[in-house]
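Peer 1: the following comprises the amino acid sequence and a computationally predicted model.
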Amino acid sequence: MGNTGMADDEVLVGRPAHVTVAIPGGARAGEVVVRVRGGSEAYMAYSETPIEAGEQVVVVDDRGARILVVTPL
């Protein structure tokens, strides 16, 4: 198992995600849902800039412990 608790062959970086809780930007997190293993899973998400709920993003870093860094598409 990797840092995220997912199988090692499941790579999140580069995957699209859907913002479900607005991401304020900077040090404050929001939430995204990513499709993995035939389903969807929620992760805490950070971004350099604010992103509204409902926006599509892409995962640019996986910090482990179900924490991702995303950027708008």
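Peer 2: Sure thing, it's come through. Predicted model only: the values in this text are computed from it and were never measured.
Peer 1: for the rest of this, base every contact and every neighbour count on C-alpha atoms.
Peer 2: Will do.
Peer 1: ok, now how distant is residue 49 from residue 38?
Peer 2: With distances taken as Cα to Cα, to the nearest Å, residue 49 is found 30 Å from residue 38.
Peer 1: among those two, which residue is more densely surrounded?
Peer 2: Under the criterion of other Cα atoms under 10 Å, the comparison of residue 49 against residue 38 puts residue 49 first, with 12 against 6.
Peer 1: is it true that the more buried one touches residue 24?
Peer 2: Yes: here residue 49 reaches residue 24: they are 7.2 Å apart, a contact under Cα atoms under 8 Å.
Peer 1: and the pLDDT at the nearest residue to residue 40 once chain neighbours are set aside?
Peer 2: Sequence neighbours aside, residue 34 is the residue nearest to residue 40 in space, at 5.5 Å (criterion: Cα to Cα, 6 or more residues apart in numbering). At residue 34, the model reports a pLDDT of 97.
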